[in-house]
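Colleague: Requesting a structural model of the entry that follows:
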Amino acid sequence: RPWDEHLSAALVAGCAMSVVAVLIGATTVSGPTRFAVASGLCLLCAAAIVDVRAFRLPNRFLLVAAVLAALAAHFAGAVDSALAASVVGAAPFLLVHLADPSALGFGDVKFAAVAGALIAPWWWPGAVLMAVVALAVACAMRLARPSGPHALGPSLFIGTLVALLVSIVLVQKGLVA
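Modeller: Presented below is the predicted three-dimensional model:
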């Protein structure tokens with residue numbers, strides 16, 4: 001399936017660029033925080049690629065990414081912010097899952113919660129942006145390919161990358177605290 005291969009390659013490229021940005025450019029947080037976030041991003045990228053191919057987000061990837069998000073929050077002194085971002089990021093997906101479990105799986109809810117926590121060391125409201133971008137990307141992907149099943153993991157990952165990079169830029173420019 002060429003579409004899936006192109007999407008997987010784009011996810012890897014996006015992850016690589018974001019990891020470089022987090023490790024090099026995101027100087028508003030400590031080195032251990034940056035390393036934990038970059039590692040968590042890599043795991044979320046791997047989970048999104050598995051989702052593209054198997055329509056399933058592996059719990060082991062999400063669990064390790066959650067541990068890394070918790071470490072990042074601890075290193076950044078942002079545990080409360082990470083909890084808030086997890087709830088805010090996952091809430092819309094949890095509501096959809098509870099309303100119609102066939103629309104999206106609980107793995108998507110867990111992915112959104114972990115993604116919110118990874119954004120939190122910079123700016124926890126970025127989790128709202130993550131959810132909005134993820135939903136917009138999912139809609140765009142549905143329009144581009146209207147038939148057949150669609151994995152939400154790639155949309156969640158793209159939303160995470162956009163929200164994380166926007167949060168980093170806003171904090172570095174002093175536009176948010």
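Colleague: When you work out contacts or count neighbours from here on, use the C-alpha atoms and nothing else.
Modeller: Fine.
Colleague: quick one: residue 155 and residue 135 touch, right?
Modeller: Yes: the pair residue 155 and residue 135 passes the contact test of C-alpha atoms under 8 Å, sitting 7.0 Å apart.
Colleague: Counting neighbours, go ahead and name the busier of those two.
Modeller: Applying other C-alpha atoms under 10 Å to residue 155 and residue 135 shows that residue 155 carries more neighbours, namely 24 against 18.
Colleague: Show me the contact partners of the least confident helix or strand in the chain by mean pLDDT.
Modeller: Using mean pLDDT, DSSP states H and E, helix 2-20 stands out as the lowest-scoring helix or strand of the chain, at a mean of 71. When contacts are defined by C-alpha atoms under 8 Å, 6 or more residues apart in numbering, helix 2-20 is touched by residues 38, 41-42, 45, 48-49, 52-53, 154, 157-158, 161, 165.
Colleague: okay, that helix in PDB with CA atoms only?
Modeller: C-alpha atoms of helix 2-20 as PDB (Å, rounded to 0.1, in the frame of the first residue of the first chain):
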ATOM      1  CA  PRO A   2       1.900   3.000  -1.300                       C
ATOM      2  CA  TRP A   3      -0.100   5.500   0.800                       C
ATOM      3  CA  ASP A   4       0.900   3.800   4.000                       C
ATOM      4  CA  GLU A   5       4.600   3.700   3.000                       C
ATOM      5  CA  HIS A   6       4.600   7.400   2.200                       C
ATOM      6  CA  LEU A   7       2.800   8.200   5.400                       C
ATOM      7  CA  SER A   8       5.200   6.100   7.500                       C
ATOM      8  CA  ALA A   9       8.200   7.900   5.800                       C
ATOM      9  CA  ALA A  10       6.700  11.300   6.500                       C
ATOM     10  CA  LEU A  11       6.100  10.400  10.200                       C
ATOM     11  CA  VAL A  12       9.700   9.300  10.600                       C
ATOM     12  CA  ALA A  13      11.000  12.500   8.900                       C
ATOM     13  CA  GLY A  14       8.700  14.700  11.100                       C
ATOM     14  CA  CYS A  15       9.900  12.800  14.200                       C
ATOM     15  CA  ALA A  16      13.500  13.300  13.200                       C
ATOM     16  CA  MET A  17      13.100  17.100  12.700                       C
ATOM     17  CA  SER A  18      11.200  17.500  15.900                       C
ATOM     18  CA  VAL A  19      13.700  15.500  17.900                       C
ATOM     19  CA  VAL A  20      16.500  17.700  16.600                       C
END
